[in-house]
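**Q** Generate coordinates for the sequence data below:
(2 chains)
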Amino acid sequence: DAKTTQPNSMESNEEEPVHLPCNHSTISGTDYIHWYRQLPSQGPEYVIHGLTSNVNNRMASLAIAEDRKSSTLILHRATLRDAAVYYCVRQGAQKLVFGQGTRLTINP
Amino acid sequence: DAGVIQSPRHEVTEMGQEVTLRCKPISGHNSLFWYRQTMMRGLELLIYFNNNVPIDDSGMPEDRFSAKMPNASFSTLKIQPSEPRDSAVYFCASSLQINEKLFFGSGTQLSVL
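**A** Numbers count the residues shown, from 1 in each chain, chains lettered A, B, ... in the order given. Below is the predicted model of the structure:
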């Protein structure tokens, strides 16, 4: 199965770091791990992706386990605008297959 | 760039009618994807194109669904005849190349009565 496993929901406080976990135990060696997020009434938005090494960009950091069976998206300082559904997606066979994602709630 | 443009934003139709959804990918992007989103099934990949050629349509639910990409700047997803269970948000996305990050449009909210 190409889908990943994520908690249905998580909650955090504004200005605190958020760690969103994802399991992809059957990932193949050439599959990239992508993260997207979807705000209400919008299409999904790219956040970050990686293959083996940890990755950083202006939005977030991606920590990939050494065995690549799991990864964690890190929002260093959450804001209310980060409230969204976050999808961890395997890129296999040239296509992205989305799971159910994690609904992240940020408390003021 | 204006991003991926989808039309219409909302479509309400009656069962049995033909529905055509439209998508204009980002200029220069070679890959185009159609997704459908419902509460029950989440985001499902329906079909994707590379250089205007359909590569994988295994996600298309039935023969009532068809998609075309006559040129690099336009794609359509057609449902004929439409049924109430087709009600969903349909997203189009494009990417520079086949394995790169996707840029999604704002979606078309389809309601079939």
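
**Q** Skipping adjacent residues, who's closest to residue 100 in space?
**A** Picking chain A for this. Of all residues not flanking A:Q100 in the chain, B:G42 sits nearest, at 5.2 Å (Cβ to Cβ, 6 or more residues apart in numbering or on different chains). All C-beta spots, glycine's among them, are computed from the backbone N, C-alpha and C.

**Q** Sorry, I should have been clearer: chain B.
**A** B:E100's closest residue in space is B:S31 (Cβ to Cβ, 6+ apart), at 7.8 Å.

**Q** So what's the residue count around the one you found?
**A** 22 (other Cβ atoms under 10 Å in any protein chain shown).

**Q** For it, name its beta-bridge partners.
**A** B:S31 has these beta-bridge partners by DSSP bridges: B:N50, B:S95.

**Q** that older thread, close enough to count as contact, the residue nearest to A:Q100 and A:F98?
**A** Yes: proximity of B:G42 to A:F98 meets the contact threshold set by Cβ atoms under 8 Å, at 6.2 Å.

**Q** Those two: who's more crowded?
**A** Neighbour comparison, B:G42 and A:F98: the larger count goes to A:F98, with 23 against 16 (by other Cβ under 10 Å).

**Q** Identify the residues contacting whichever residue of chain A sits closest to chain B.
**A** At 3.2 Å from chain B, A:G43 is the closest residue in chain A, using Cβ to the nearest Cβ. Taking Cβ atoms under 8 Å, 6 or more residues apart in numbering or on different chains as the criterion, A:G43 is in contact with B:V4, B:F91, B:A93, B:F104, B:G105, B:S106, B:G107.

**Q** And the residue nearest to A:Q100, its phi and psi?
**A** With angles defined as degrees, to the nearest 10, B:G42 sits at phi 70, psi -150.

**Q** now the strands: where do they sit in chain A?
**A** A:9-13, A:18-23, A:32-38, A:45-50, A:55-56, A:61-64, A:70-75, A:84-92, A:95-97, A:102-107 (DSSP state E).

**Q** of all these, which lies closest to B:S66?
**A** strand A:95-97 (18.9 Å; Cβ to Cβ).

**Q** ok, which residues in chain B are in contact with chain A?
**A** Neighbours of chain A within chain B, by Cβ under 8 Å from any Cβ of the partner chain: B:4, B:33, B:35, B:42-45, B:48, B:50, B:55-56, B:91, B:93, B:98-99, B:101-107.

**Q** Which helix or which strand is home to the one residue sitting closest to the centre of chain B?
**A** The residue lying closest to the centre of chain B (Cα atoms, centre = their mean) is B:W34, at 3.4 Å. Assigned by DSSP states H and E, B:W34 belongs to strand B:31-38.

**Q** Which strands and helices lie in contact with that strand?
**A** Where contact means 3 or more Cβ pairs under 8 Å, 6 or more residues apart in numbering or on different chains; DSSP states H and E, strand B:31-38 is packed against strand B:42-50, strand B:74-79, strand B:88-95.

**Q** Can I get these in JSON lines including mean pLDDT?
**A** Listed next are those as JSON lines, based on pLDDT from 0 to 100:
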{"stretch": "strand B:42-50", "mean pLDDT": "93"}
{"stretch": "strand B:74-79", "mean pLDDT": "98"}
{"stretch": "strand B:88-95", "mean pLDDT": "97"}
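
**Q** Buried deepest among these, which one?
**A** Of those, the one with the most neighbours on average (mean count of other Cβ atoms under 10 Å in any protein chain shown) is strand B:88-95, at a mean of 24.
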